[in-house]
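A.B. asks: The amino acid sequence is not available; the structure is as follows:
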């Protein structure tokens, strides 16, 4: 999955640059964005994707390069969330010292075995 289309939409909406002029490989400075506008755009990208873009990466000067960076950050974020989920949702053999049960009530009640020492999830 590439974030390029979303980045093109974002820069088009924010700076009214025609979509036909948004060459992924061209420098965003060539489209008239000065350093302040670029910084504001990066902040908008971070807000949109919920990531922190490294400002010292020279590849973020083009939409294509920025898309590669954002895609990498999104993959890292998903991997981190997946690892946290696996670490907090392990099971223990029934009857073992670390076994317990969980009773989830609400729309879909369920009971299942869980490890008593499983840690609470941490925000990604």
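C.D. replies: Perfect, thanks for sending it. The shown structure was predicted, so the numbers you read here are calculated from the model rather than taken from an experiment.
A.B. asks: use CA for all of it now, contacts and neighbours both
C.D. replies: Will do.
A.B. asks: Regarding the protein, what is its longest helix?
C.D. replies: Of all the segments of type helix in the chain, defined by DSSP state H, the longest one is helix 63-88.
A.B. asks: for the protein, what spans make up the helices?
C.D. replies: Using DSSP H, helices in the chain cover 4-15, 35-49, 63-88.
A.B. asks: now for those, which one comes closest to residue 26?
C.D. replies: Closest approach to residue 26 among those (C-alpha to C-alpha): helix 63-88, 7.4 Å.
A.B. asks: and residue 24, how far is that from residue 43?
C.D. replies: 19 Å (C-alpha to C-alpha, to the nearest Å).
A.B. asks: ok, back up a step: please identify the buried residues of the longest helix of the chain?
C.D. replies: Within helix 63-88, the residues scored as buried using 16 or more other C-alpha atoms under 10 Å are 63-71, 73-74, 81, 84-85, 88.
A.B. asks: helices or strands up against that helix?
C.D. replies: helix 4-15 (3 or more C-alpha pairs under 8 Å, 6 or more residues apart in numbering; DSSP states H and E).
A.B. asks: Tell me which residues of the helix it packs on come out buried.
C.D. replies: 4, 7, 8, 10, 11, 12.
A.B. asks: What are the contacting residues of it?
C.D. replies: 17, 18, 19, 22, 24, 41, 45, 63, 64, 67 (C-alpha atoms under 8 Å, 6 or more residues apart in numbering).
A.B. asks: and these, which are buried?
C.D. replies: 17, 22, 24, 41, 45, 63, 64, 67.
A.B. asks: For my notes, please list those residues in JSON lines and give distance to residue 31 for each entry.
C.D. replies: Formatted as JSON lines, those follow (distance: C-alpha to C-alpha, whole Å):
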{"residue": "17", "distance to residue 31": "8"}
{"residue": "22", "distance to residue 31": "8"}
{"residue": "24", "distance to residue 31": "11"}
{"residue": "41", "distance to residue 31": "13"}
{"residue": "45", "distance to residue 31": "17"}
{"residue": "63", "distance to residue 31": "11"}
{"residue": "64", "distance to residue 31": "14"}
{"residue": "67", "distance to residue 31": "17"}
